[in-house]
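Peer 1: Curious how this folds, go ahead:
(2 chains)
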Protein chains: 2
Amino acid sequence: MRTAMLSPEPLAQLQTLLGPRLSTSASDRDLHGRNETHFPHLPPAAVAYPETTAEVAALMQICAAHGVPVTAWGAGTSLEGHALPLKGGVSVDFARMNRVLSVHPEDMVVTVQPGITREALNTELRATGLFFPVDPGANASLGGMASTRASGTTAVRYGTMRDNVLALEVVLADGRVIRTGTAARKSSAGYDLTALFVGAEGTLGLITELTLRLQGQPEAVSAAVCAFPAMAPAVDTVIATIQSGIPMARIEFVDAATVAAFNARDAADMPEQPHLLVEFHGSPAAVAEQAERFGEIVADMGGEGFRWAHRPEDRAALWKMRHNAYYACLALRPGATAWVTDVCVPISRLAEAVEETAAEIAASILQGPILGHVGDGNFHAILLVEPGNSAEETEAKRLAANMAERALRLGGTITGEHGIGMGKLAYMSREHGEAWDLMALIKRALDPENLLNPGKTVQVT
Amino acid sequence: MRTAMLSPEPLAQLQTLLGPRLSTSASDRDLHGRNETHFPHLPPAAVAYPETTAEVAALMQICAAHGVPVTAWGAGTSLEGHALPLKGGVSVDFARMNRVLSVHPEDMVVTVQPGITREALNTELRATGLFFPVDPGANASLGGMASTRASGTTAVRYGTMRDNVLALEVVLADGRVIRTGTAARKSSAGYDLTALFVGAEGTLGLITELTLRLQGQPEAVSAAVCAFPAMAPAVDTVIATIQSGIPMARIEFVDAATVAAFNARDAADMPEQPHLLVEFHGSPAAVAEQAERFGEIVADMGGEGFRWAHRPEDRAALWKMRHNAYYACLALRPGATAWVTDVCVPISRLAEAVEETAAEIAASILQGPILGHVGDGNFHAILLVEPGNSAEETEAKRLAANMAERALRLGGTITGEHGIGMGKLAYMSREHGEAWDLMALIKRALDPENLLNPGKTVQVT
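Peer 2: You can find the predicted model right below:
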């Protein structure tokens, strides 16, 4: 059950532990009950702001002793209600654990606390010539990105959080502190616990430290946009590019409705057709060669209006526009809430998946631009819903459910990068069958009292 | 306890299930009690040769009902005694489940049965223009490679089995069949069960199907060897190459003793100094550029005798020599058994780790050439031991233990790619601390009767 207040004993112990960094103020609770999209307002009973792993461990011990649920909070940018405390209890806000602990340029790794955001990390890394490549768009915290197995525009080249987290420190449900992985680039020493905590959405432990792989800042970068008469030739272009071994750093698809949103908000002056946005990283000669070969493929596939963004400011504008697509789409319907859905399919089925989805949205009462990380087979629909309009909400639910079903039918997954949280729980059994029961077995083994972000990812009641 | 024979009831049921494909012949049992290195001969009570997942599931149900241990057998090439049935029972030989089930060139994925070997898979893929890149040297089975989280010479570019297994079908300890992952390139849908079974050494389930990522065969390939006056400049060359973003497809280190073994066995005529063996994949222009920039770094670091192998036959000879290093080293001491140890450290500590190890071996009574996957910080010592000479065996154990301790002290792991099996169990607690207990918790949750490859990876008694 959700409880609005902590009972006196754990409250007193947490206050002794954290002093004023244990807050029960209405504003703190209110803030940590909010989410980026359409989920209800669900404030925790208290918000903790630990500063050390030892404090997180002590907090967890207190909560375990009194049966108080604990939900981690990073930057609050997740899209499926992950950080909402379904059963109340304490939200652990990692904002004060936001330091870079060590950088090892020779090993190209960095160790950070979970509360640091991706932009802050890359700012701190600037002088090293290295960067952390995973880029979900939002300025998320690294702990949150690990917990949702985030990815985004650069995953086609650099991988997702699965590929870029080398090691973790984790506080378990009983307050024990463990370390998984090492700073070595690979290991065969036992079960891959790092991979188990990445994507577990805070249901198996609280991440208190992360060791991440870094990349060298590319010598040369080149970006381009091009239009296509339809979705299929755009996807064929991507398949041909991947097969020819051209290493794209990003390749993004936006549909005509998203382009219309760009034109309206950013005065982008793009033809209202499907587009690809692409970027190459490498040496100047390699980037020039990749760009030329990509241009040839685009021409073969009937792409039009190919434009390079050679200047850094033009590239920055291009990716800022892409990253603000969510807000541009929201602005298409002032006052609307966005239901942002996310599925991922084998790339050979992507055109089919997008076209069926677009046709269904076009036939519905809702607007819903479609865009995605086409190199991964991952796409999103941004369904614009009038808050409180139950007919529209029902329709958004139906469209999202059909997208998930369609992804499964085409051999894909119900979420490529947003995760399960509250929003996708209903489809987990359909995707995983008995493997979902296995997840519950693991959850019970690691968190027998179901205190860690209860109600998310798995079903253990 | 190890039991030499199956009791009559499970034996009869397994014979009914599999007919002549359930063998209790002395030769079959003998063969499945052997290993590639120095572990004792431990034959199973019976050997099963299933042909379908349904047969594996039924076999597992019978064994579960009668408490019979089950150990998977791929190609028998593992190096830490993984496939030896410590508690007897049934060895499941996947030799008859060795088919390619489907190839999807557009998605660059293939689905295979676990018994297919890496060379057979790549032969079948040849016409597609695609290949499976993970290359541990031995012609291992894909099920075994997944179970040991194998990697090898190409991991620096293409990753390990962790990175290249997209989805699995697994028979659990109670005979249930589950599927993990999909053919989509990424997913955020719940716990990463695929990663949990990859590297679990058959202790959590029996892999009956694998969906793997493929790569396009590179248009151009270029390989080279160069000598260095010592280990440190060779490692510095690798660090500088990685940092400058040059995508090496392979980069291997061999020490002077390994070169001596090549010279003796393959008439290689190389100077008896530390060497790097390197390969680049890409477009002709990209490979040429990479090669040129690499050559500059080598020259800066004092490398000598740089030689390119442009012709395919010269490259094949180079990598054949590297892959046969194990046998070349064995030939240095006829009649010896090799104790092959494997550790992995952050690359900044690699020179130190190799130099300390080499000095300790030089001061010992044993010969032990050192070689490794230098781009990953992963290296091996091949300790040559006279079978039955207990002073030498004690010394080999001491040297291997010190290598593991050294790797941990330098921030690394006790095994980069060979796995735990029987050989590394003693160091698991030192590497993982309480995280090893967590592995045991997971093992107990998934295999409560400890029937799957009991005694490996985790300690649950």
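
Peer 1: Give me the buried positions along the helix or strand where A:Ser102 lies.
Peer 2: Secondary structure here is read from DSSP states H and E; on that basis A:Ser102 sits in strand A:100-104. Buried positions in strand A:100-104, judged by neighbour count with 16 or more other C-beta atoms under 10 Å in any protein chain shown: A:103-104. Every residue, glycine included, has its C-beta placed from N, CA and C.

Peer 1: Please compute how far it lies from its chain's middle.
Peer 2: Relative to the chain's own centre, strand A:100-104 is displaced by 23 Å; criterion: C-alpha atoms, centre = their mean, to the nearest Å.

Peer 1: which secondary structure elements does it contact?
Peer 2: Counting contacts by 3 or more C-beta pairs under 8 Å, 6 or more residues apart in numbering or on different chains; DSSP states H and E, strand A:100-104 is packed against strand A:109-112, helix A:118-125.

Peer 1: Tell me the first helix or strand C-terminal of the longest one.
Peer 2: Next helix or strand after helix A:118-125 toward the C-terminus (DSSP H and E): strand A:130-131.

Peer 1: Can you report how many residues lie near the residue in chain A that chain B sits nearest to?
Peer 2: Of all residues in chain A, A:Ala195 sits closest to chain B, with a separation of 3.4 Å (C-beta to the nearest C-beta). A:Ala195 has 25 neighbouring residues, counting by other C-beta atoms under 10 Å in any protein chain shown.

Peer 1: ranking the helices and strands packed on strand A:100-104 by burial, who's on top?
Peer 2: Comparing the helices and strands packed on strand A:100-104 by mean neighbour count (mean count of other C-beta atoms under 10 Å in any protein chain shown), strand A:109-112 comes out on top with a mean of 23.

Peer 1: thinking again about what came up before, tilt between the strand holding A:Ser102 and helix A:118-125?
Peer 2: Orientation note: strand A:100-104 sits at an angle of 50 degrees relative to helix A:118-125 (axes from the mean of the first three to the mean of the last three C-alpha atoms, to 10 degrees).

Peer 1: if we can go back for a sec, show me the one of the helices and strands packed on strand A:100-104 that comes nearest B:Ser151.
Peer 2: Relative to B:Ser151, the nearest member of these by C-beta to C-beta is strand A:109-112, separated by 18.1 Å.

Peer 1: returning to that earlier point: pairing partners for the strand holding A:Ser102, with directions?
Peer 2: Sheet neighbours of strand A:100-104, with direction, are listed as strand A:109-112 (antiparallel) (DSSP bridges).

Peer 1: pull the CA atoms of the strand it pairs with into CSV?
Peer 2: What follows is strand A:109-112, C-alpha atoms only, in CSV (Å, rounded to 0.1, in the frame of the first residue of the first chain):
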residue,chain,number,x,y,z
VAL,A,109,37.4,5.3,-18.3
VAL,A,110,35.9,7.6,-15.8
THR,A,111,34.3,6.8,-12.4
VAL,A,112,31.4,9.0,-11.4
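
Peer 1: The spatially closest residue to A:Ile297 that is not a sequence neighbour - how many residues pack around it?
Peer 2: Among residues not flanking A:Ile297 along the chain, A:Ala240 sits closest, at 5.0 Å (C-beta to C-beta, 6 or more residues apart in numbering or on different chains). Around A:Ala240 sit 18 other residues, with neighbours defined as other C-beta under 10 Å.

Peer 1: which helices and strands sit right next to the host helix or strand of A:Ala240?
Peer 2: Under the criterion DSSP H and E, the helix or strand holding A:Ala240 is helix A:231-243. Using 3+ C-beta pairs under 8 Å, 6+ apart, the elements in contact with helix A:231-243 are strand A:248-254, strand A:275-282, helix A:284-300, helix A:350-362.

Peer 1: got a list of contacts for that helix?
Peer 2: By C-beta atoms under 8 Å, 6 or more residues apart in numbering or on different chains, the surrounding residues in contact with helix A:231-243 are A:228, A:248, A:251, A:253, A:255, A:274-276, A:294, A:297-298, A:300-303, A:347-348, A:350-351, A:354-355, A:358, A:374-375, B:105-106, B:108, B:129, B:216.

Peer 1: next one: stretch A:13-32
Peer 2: Contacts of stretch A:13-32 from elsewhere in the structure, counted by C-beta under 8 Å, 6+ apart, are A:5-6, A:11, A:41, A:43-51, A:55, A:58-59, A:62-63, A:73, A:76, A:83, A:85, A:90-91, A:93, A:96.

Peer 1: re earlier: pull the CA atoms of the helix holding A:Ala240 into CSV?
Peer 2: These are the backbone C-alpha positions of helix A:231-243, laid out as CSV (Å, rounded to 0.1, in the frame of the first residue of the first chain):
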residue,chain,number,x,y,z
MET,A,231,9.8,6.0,-45.3
ALA,A,232,10.9,2.8,-47.1
PRO,A,233,13.7,4.3,-49.2
ALA,A,234,15.0,6.1,-46.1
VAL,A,235,15.2,2.8,-44.2
ASP,A,236,16.7,1.1,-47.3
THR,A,237,19.4,3.8,-47.3
VAL,A,238,20.2,3.0,-43.7
ILE,A,239,20.4,-0.8,-44.3
ALA,A,240,22.7,-0.3,-47.3
THR,A,241,24.9,2.1,-45.3
ILE,A,242,25.3,-0.3,-42.4
GLN,A,243,25.9,-3.3,-44.7
